[in-house]
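Undergrad: Predicted model follows, preceded by the sequence.
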Amino acid sequence: MVILLNDASDVPVYQQIRNQIVIGISDGLLLPGERLPTVRALAEEIGINSMTVNKAYQLLKQEGYILTDRRNGARVREEFGCGKSLSGESQELLRRLICEAKISGMSKEEFIRECEKYF
Amino acid sequence: MNVLGLILTVCVYPFVMIMFFLLKNEMAPKRGIYCGVKLTKENAQTPEAERILADCRRSMTRDFILLMLAPLPMLFIPWFSIFFTFWMLWLIIGVFLFFIPYVRANKKLKELKKEKGWKKETLRQTAAEMKGAGKIRRVKWYQFAAPCLLSAALFIASLFWFGNAGEPAYGVMTGSFAVITFLFWGIAVLMDRQNTQVVSMDSGVNVNYARANKNLWKNLWVACAWLNTAYLAGVLLSFDKALCITGLFAWISAAYILLTIVLLIWVIRVKGRLEAAYFTDEGAVETDDDDCWLWGIFYCNPADKHVYVEKRVGIGSTMNFGTQKGRIAGVLLGLLGGVGILSLPLVCIWVILLEFVPIKLAVEDDRLIASQVSVDYNLPVNLIQEVTLLEELPRLERVSGTGMDTLKKGNYRVAEEGRCQVFLNPQNNVFIRLKVGETVYYLSGYDDAQTLAIYEELVR
């Protein structure tokens, strides 16, 4: 899976890594149970500080996307909690996106069509 | 042209040819990079971009033809120092000349890109392959252990051998070559640890390319380590029992350089095939880090922690001068390169002086003075035990010093006599053999008249 980090973005690098891994899991590029690279290896691969990768992994663990243990390192969870709902933070983000779409003049249908493209 | 001249010609000529073909290759699309600037196919096919690339190609070809023809008159030059100086200058010019049209084209393309708005801010992104992180390693310790151990063993053996022969200084030379074998191992490890290059959004393609690429470099460095070890063994063989540098040394050195060139050509060809196979427009990752590359040659990106990165121009790796390690290495390499390039004209001047400044023998204040550019020998006349006039020189074999058609100077060895000091013009007809203490000297003046005059003065 290729991680793309935008150098000009205001989004912190650890957040970008987290987002890319979540996209990878949802697109099936990272399979359930698949082992992730170690913090150090990924940091070296991207060319960033290992603390940044560590922060991204901690966030992913906290959100329930990955599991970490000392022996096996980090791996994608086999099963995700099927709450069939968005977290509070994600709902807030979705709301912001809908507002932006409305301001830019998009209709509801157009916005849903756009969502279907990525869903 | 003597044998040394022939060897020099055969070894130096291909380097400039390689340089030309490497840089000319940059005009063709390579990883979406044209002349060190990232461009899309459509942008590169616009008349303006095509004109810049064509101009650069034309200038390079013209310079190449001139450079290839320039050495022809040199084949008829009888003076080694002039021949040597010419080749060294030719080499320096050859290495840098092709960069002039290249850098000009690089600047123009960058300006064109900016002017036309081809540069997208959104492309300022870093791509990293997660599946290859820390996993793709091709260099194993045992691949280098054999040549390194052999080099070390040859070095230790040479220490004993040269030590017993009373020439421990030669151990420095063999030691240097042994260190080079270890250095190849170090370089191989560093290149093996480089990050996986993202050539496609398909992880399988990236991982396969990284494997093939690292395999290629590993094979090259293993071959270099063995070649260097073989050369070290050859160097030891080229010193005969009397510790004289024989012609074998020059031939072995020439073979070493030629085989290195062959390896270089092989790497360039295989690398070209690899890039053609893996770098396709389909699924390519769109990134643009032109701003981090000076002329597409020097990489400086403080946000990137990688010290070694894949070169944009040519093949191999370059350093990220935005990192602290990169800056330190850059300063050291710059100093080393600067000293090397600056010392070359000085060496040429020294060789010219040696060939053209006549040698001089004189007796002043009861001292025999042999001088050329500076005073070489200053011997008290009263300590001279034997003086003989020779009409024929014995077979002299150089241990260290100068050995030209018109000048032999330094440490030589004479069969059945051992080590002696030599200062003479071998084209003369008479020579003086002196003995001072345990040391034997073979001397001559600028011409026979000077030699005879000094001989008579010494005998008197």
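TA: Good, I have the coordinates. Numbers count the residues shown, from 1 in each chain, chains lettered A, B, ... in the order given.

Undergrad: So which residue is dead centre in chain A?
TA: Closest residue to the average C-alpha location of chain A: A:Asn19 at 2.4 Å, with CA atoms, centre = their mean.

Undergrad: Run a quick neighbour tally on whatever residue of chain A ends up closest to chain B.
TA: Residue nearest to chain B within chain A: A:Ala41 (2.8 Å; CB to the nearest CB). C-beta here means a position set from N, CA and C on the backbone, and glycine is covered the same way. By other CB atoms under 10 Å in any protein chain shown, the residues close to A:Ala41 number 19.

Undergrad: pLDDT score assigned to residue 62?
TA: Since you didn't name a chain, this refers to chain A. Looking at A:Gln62, its pLDDT stands at 89.

Undergrad: hm, I was asking about chain B
TA: B:Arg62 is given a pLDDT of 91.

Undergrad: One more: B:Thr181?
TA: Value for B:Thr181, per-residue pLDDT: 95.

Undergrad: same question, A:Leu5
TA: The confidence metric pLDDT takes the value 86 at A:Leu5.

Undergrad: The longest helix along chain B and chain A in contact?
TA: When chain B is parsed with DSSP state H, its longest helix is helix B:203-238. Yes. Looking at helix B:203-238 against chain A by CB under 8 Å from any CB of the partner chain, the contacts come from B:203, B:206.

Undergrad: Give me the distance from the helix or strand just after that helix to the chain's centre.
TA: On the C-terminal side of helix B:203-238, the closest following helix or strand by DSSP states H and E is helix B:247-278. Remark: helix B:247-278 is offset 13 Å from the chain centroid, using CA atoms, centre = their mean, to the nearest Å.

Undergrad: Please work out the angle formed by the directions of helix B:247-278 and helix B:203-238.
TA: 180 degrees (axes from the mean of the first three to the mean of the last three CA atoms, to 10 degrees).

Undergrad: For helix B:247-278, buried residues please.
TA: B:250, B:252-257, B:260-261, B:263-264, B:267-268, B:270-271, B:274-275, B:278 (16 or more other CB atoms under 10 Å in any protein chain shown).

Undergrad: Likewise for stretch B:54-65?
TA: Result for stretch B:54-65 [16+ other CB under 10 Å]: buried residues B:56-57, B:59-60, B:63-64.

Undergrad: same deal with stretch A:100-109?
TA: Using 16+ other CB under 10 Å as the test for burial, stretch A:100-109 gives A:Ala101.

Undergrad: sec struct for B:Ser400, please.
TA: strand (DSSP: H, G, I helix; E, B strand; the rest coil).

Undergrad: Check whether it really touches B:Arg413, as I assumed.
TA: No. B:Ser400 lies out of contact with B:Arg413 (CB atoms under 8 Å); the separation is 10.3 Å.

Undergrad: Neighbour count for these two, which is higher?
TA: B:Arg413 (19 against 14).

Undergrad: Helix or strand next in line after the helix or strand that one falls within, which one?
TA: Per DSSP H and E: B:Arg413 is located in strand B:408-414. With elements assigned by DSSP H and E, the helix or strand that comes after strand B:408-414 is strand B:418-424.

Undergrad: Spell out which residues of the stretch 151-300 of chain B are next to chain A.
TA: Counting by CB under 8 Å from any CB, the stretch 151-300 of chain B sits next to chain A at B:193, B:195-196, B:198, B:201, B:203, B:206, B:285.

Undergrad: Let me know the closest of the residues you listed to A:Leu30.
TA: Nearest to A:Leu30 among these is B:Ser203, at 10.1 Å by CB to CB.

Undergrad: Which residue, other than its chain neighbours, is closest to the residue of chain A closest to chain B?
TA: B:Gly134 (2.8 Å; CB to CB, 6 or more residues apart in numbering or on different chains).

Undergrad: Would you confirm that the one you found contacts A:Val39?
TA: No. In this structure, B:Gly134 is not within contact of A:Val39 by CB under 8 Å, at 10.2 Å.

Undergrad: Of the two, give the one with the bigger neighbour count.
TA: Set B:Gly134 next to A:Val39 and count neighbours by other CB under 10 Å: A:Val39 wins out with 20 against 16.

Undergrad: Wait, the more buried one touches A:Lys55, no?
TA: No. Between A:Val39 and A:Lys55 there is no contact under CB under 8 Å: 9.5 Å.

Undergrad: Any chance you could list what contacts the strand or helix carrying B:Leu109?
TA: According to DSSP H and E, B:Leu109 maps onto helix B:99-116. The contact list for helix B:99-116, computed with CB atoms under 8 Å, 6 or more residues apart in numbering or on different chains, reads B:23, B:26-27, B:34-37, B:39, B:43, B:46, B:48-49, B:52-53, B:55-56, B:59-60, B:63, B:118-119, B:290, B:295-296, B:313.

Undergrad: number of nearby residues for residue 38?
TA: No chain was given, so I picked chain A. Counted with other CB under 10 Å, A:Thr38 comes out at 16.

Undergrad: try chain B instead
TA: Around B:Lys38 there are 24 residues (other CB under 10 Å).

Undergrad: Is it bridged to anything, and to what?
TA: B:Ile33 (DSSP bridges).

Undergrad: What pLDDT is listed against it?
TA: 84.

Undergrad: ok, now B:Arg138?
TA: 91.

Undergrad: so it sits in a strand?
TA: No. Using three-state DSSP, the assignment for B:Arg138 is coil, not a strand.

Undergrad: can you tell me which residues contact it?
TA: For B:Arg138, the contacting residues are B:192, B:211, B:214-215, B:217-218, by CB under 8 Å, 6+ apart.

Undergrad: what's near enough to touch the residue of the stretch 101-250 of chain B found nearest chain A?
TA: When distances are taken as CB to the nearest CB, the stretch 101-250 of chain B reaches nearest to chain A at B:Gly134, 2.8 Å away. If you count contacts by CB under 8 Å, 6+ apart, B:Gly134 has them with A:37-38, A:40-42, A:44-45.
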